[in-house]
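Enquirer: Model the following, please.
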Amino acid sequence: MTTSVDWGNELLKSLWWIAEASAITAIVLLVVGAILIRSTEWGRQFWRISAGYFDPRTQWRDLLIVAVVLVMQVSSVRLTVLLTYQGNDLYTSLQNAFSAIAQGDKAALNQAENDFWFAMKVFFVLATIHVVRSMFEFWIGQVLQIRWRIWLNNRAAGDWLRGDAYYRSRFVDSTIDNPDQRIQQDVDEFTRGAYSLAFGGMVGEYVVPAPGVIGSCLTIVSFTTILWELSGPLTVLGTTVPHALVWGALIYVTIATVIAFWVGRPLIRLNFSLQALTASFRYALIRLRDSAERVAFYRGQEVERAEVFRRFDRVIDNRWRLVYRDIKFNAWNLAVSQVAAVFAIVLQAPRLFAGQIKLGDLTQSAQAFSNVHDSLSILRNSYDAFTYFRSTLVRLDGMLSADEIARDLPKIVPTDSDDSVTLSRVTVRLPDGTSLIDDLSLVLNESDAIVVSGASGSGKTTLLRSLAGLWPWCDGDVAHPPGSQTMFLSQMPYMPLGPLRTALTYPAKDEEFSDDRLRQVLHDVFLPHLADRFDEVQLWDHILSPGEQQRVAFARILLNQPKVVFLDEATSSIDQGLEYTLYSTVREQLPGLILVSVAHRSTVDVHHDKRLTLAGDGTWSLDDIAN
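Expert: From the prediction side, this is the model:
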């Protein structure tokens with residue numbers, strides 16, 4: 001029997017084919033990628049998110065890994081092609097054996113047996129190569145996904161934290177919800193989803209059949225040639241169609257795909273809503289956990305239960321709508337696939353019965369048609385996965401865009417000064433344009449202390465936000481000492497994750513202070529009972545009372561020793577006697593400190609020499625305090 005290919009020379013031929021196909025595929029990918037980036041919104045979103053990862057100047061190692069993955073995918077297609085030829089030889093040898101047995105031709109039977117075992121030897125060689133290649137492809141694919149996720153996590157988290165975007169993005173778009181989920185979950189789903197769409201795998205809970213979009217395109221090119229050679233003419237309504245299997249596959253898949261896209265289009269919106277509603281539900285649970293004591297004091301569990309279950313009901317409602325849409329989409333795809341399973345055999349069977357082709361040709365035709373059909377159907381079969389990936393694209397791109405807009409919002413950028421604070425024509429407004437403070441100008445020199453007072457809503461805290469460069473609806477000129485020489489303390493101090501020493505020294509590095517220094521400061525702020533817990537890791541904002549947390553804030557002042565400190569209701573949870581002692585300690589240990597305090601209590605006045613009173617309508621007054 002003449003084999004379907006020359007197996008003796010196939011190794012060199014296949015290696016050359018793999019090299020040539022890999023180069024062509026890479027060029028086509030670049031061209032198609034450029035077209036998609038220019039012509040589609042989701043292409044532009046993808047590029048905005050991950051363009052930096054494909055920069056050869058900084059990411060050449062990762063691009064090399066991408067190239068290796070591409071070569072593995074090309075070699076997979078080549079192996080699949082060779083396995084169909086091996087199958088052709090195998091089934092042809094069996095047909096020859098059956099014919100020899102029927103004719104009683106022993107020589108022909110021996111030849112058929114030899115051909116059979118040769119085909120099996122080829123199979124074992126190809127199968128061994130396939131197993132080794134598959135394991136290596138899995139490993140290198142995981143390397144690519146992990147490295148990509150690390151890069152994208154650094155990109156997303158770094159971008160969120162840069163330029164105060166993590167805070168100022170709240171002023172941009174209320175739909176940018178749960179950035180924690182977008183960084184933790186969407187980054188992972190983006191990298192896994194992009195890889196899976198390209199090479200096969202899971203996108204969320206949806207499966208992209210191997211070998212993915214890229215492998216499917218290679219498969220179409222490779223197997224269409226085989227199908228073209230094996231398919232014969234078909235007469236339809238008096239018209240003879242040459243190579244009917246090829247045209248039949250194209251027409252069949254095109255019609256099936258158009259209908260599938262029409263049925264599955266609502267999945268984009270439903271998947272986006274599912275992610276947003278799930279994130280909202282999880283946020284309600286996290287918020288309840290973090291506010292458990294306050295809720296318990298109010299005995300508000302029934303209110304919280306109603307809110308949590310209301311959000312959960314919305315998740316379930318969206319889920320049911322997604323289920324019913326998935327049923328319609330998958331039912332259509334399943335019906336199409338069932339017909340496709342016998343399509344090639346039905347068309348080729350008459351030629352087999354007429355003796356025009358052999359059994360091996362029939363089985364190879366069926367395999368080739370199956371590969372072409374499945375590859376042409378990759379968009380149809382993966383449309384649900386693409387819709388899920390698209391929703392991930394929208395969420396990530398939305399967050400990155402909001403970060404960029406947040407950084408571009410107007411703000412007061414302070415200039416550096418040595419030992420003074422200068423405010424020149426500072427104006428603070430509400431988002432609707434209502435003026436809170438107009439043309440505030442003042443100068444604070446070393447040791448000056450000023451208390452900011454006024455009715456609730458008059459703009460006291462908003463003024464501090466403006467001076468810190470956080471509030472976008474303000475203008476004017478501000479100068480104060482740079483960096484850590486100026487501190488802003490909110491009413492409830494932030495407690496970072498980690499040991500107590502990190503919470504005490506924040507935002508400085510804890511290794512800058514000795515244990516003896518920490519113990520002394522704890523004693524100064526009346527927290528001596530914490531002196532032996534420096535290395536204890538706890539959720540300190542849950543362990544410490546509000547009053548203790550405010551004392552930690554004063555400890556940070558004593559440790560960091562800034563030249564200027566702005567305090568926003570920093571003693572609201574502390575009794576008046578302790579408040580007096582803490583302020584006195586700060587003034588005694590840091591005599592040159594410029595102190596700006598927002599306070600409602602008049603007891604704070606004794607530690608300041610000036611009072612800035614805000615009326616809330618733009619007007620203000622600055623008076624001396626007689627102590």
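
Enquirer: Return the residues in contact with the residue nearest the centre of the chain.
Expert: Geometric centre of the chain, nearest residue: residue 187, 1.8 Å, by CA atoms, centre = their mean. Going by CB atoms under 8 Å, 6 or more residues apart in numbering, residue 187 touches 149, 152, 153, 156, 396. (Each C-beta comes from the backbone N, C-alpha and C, glycine too.)

Enquirer: what do you get for residue 549?
Expert: Here residue 549 is in contact with 492, 493, 495, 540, 541, 573 (criterion: CB under 8 Å, 6+ apart).

Enquirer: Now flag whichever of those residues is closest to residue 531.
Expert: Compare each of the contacts of residue 549 with residue 531 using CB to CB and the shortest gap goes to residue 540, at 14.7 Å.

Enquirer: Tally up the residues packed near that closest one, please.
Expert: 23 (other CB atoms under 10 Å).

Enquirer: pLDDT wise, what is it at?
Expert: We have a pLDDT of 90 for residue 540.

Enquirer: Leaving out sequence neighbours, find the closest residue to it.
Expert: In space, and not counting its chain neighbours, residue 540 is closest to residue 495: 4.3 Å by CB to CB, 6 or more residues apart in numbering.

Enquirer: do residue 52 as well
Expert: Using CB to CB, 6+ apart, the closest residue to residue 52 is residue 155 (6.6 Å).

Enquirer: Likewise for residue 38?
Expert: Going by CB to CB, 6+ apart, residue 38 has residue 44 as its nearest residue, at 7.9 Å.

Enquirer: What of residue 472?
Expert: Per CB to CB, 6+ apart, closest to residue 472 is residue 409, 4.0 Å.

Enquirer: circling back to that earlier point, what residues are up against the residue nearest to residue 540?
Expert: Residue 495 is in contact with 503, 539, 540, 541, 544, 549, 552, counting by CB under 8 Å, 6+ apart.

Enquirer: now swap in residue 364 and tell me
Expert: By CB under 8 Å, 6+ apart, the residues touching residue 364 are 4, 84, 85, 87, 88, 226, 230.

Enquirer: for residue 181, same thing?
Expert: Neighbour list for residue 181: 275, 279, 282 [criterion: CB under 8 Å, 6+ apart].

Enquirer: what do you get if the cut-off is 10 Å, keeping everything else the same?
Expert: 187, 275, 276, 278, 279, 280, 282, 283, 395, 399 (CB atoms under 10 Å, 6 or more residues apart in numbering).

Enquirer: Next SSE downstream of the helix or strand harbouring it?
Expert: Using DSSP states H and E, residue 181 falls within helix 179-181. Using DSSP H and E, the next helix or strand after helix 179-181 towards the C-terminus is helix 187-199.

Enquirer: picking up where we left off before, who wins on neighbours among the contacts of residue 364?
Expert: Among those, residue 88 has the most neighbours (other CB under 10 Å), with 26 neighbours.

Enquirer: Relative to residue 119, how far out is it?
Expert: 9 Å (CB to CB, to the nearest Å).

Enquirer: Which neighbours do those two have in common?
Expert: Common contact partners of residue 88 and residue 119 (CB under 10 Å, 6+ apart): 3, 4, 360.

Enquirer: Next, count neighbours for the first one.
Expert: Spelled out, it's residue 3. Other residues close to residue 3 by other CB under 10 Å number 18.

Enquirer: Leaving out chain neighbours, which residue sits closest to residue 71?
Expert: Once flanking residues are discounted, residue 71 sits nearest to residue 22: 5.0 Å by CB to CB, 6+ apart.

Enquirer: does residue 440 sit in a helix, a strand or a coil?
Expert: Following DSSP: H, G, I helix; E, B strand; the rest coil, the label given to residue 440 is strand.

Enquirer: and the nearest residue to it once chain neighbours are set aside, what helix or strand is that in?
Expert: Distances taken as CB to CB, 6+ apart put residue 426 closest to residue 440, at 4.3 Å, once the chain neighbours are dropped. Assigning secondary structure by DSSP H and E places residue 426 in strand 421-429.
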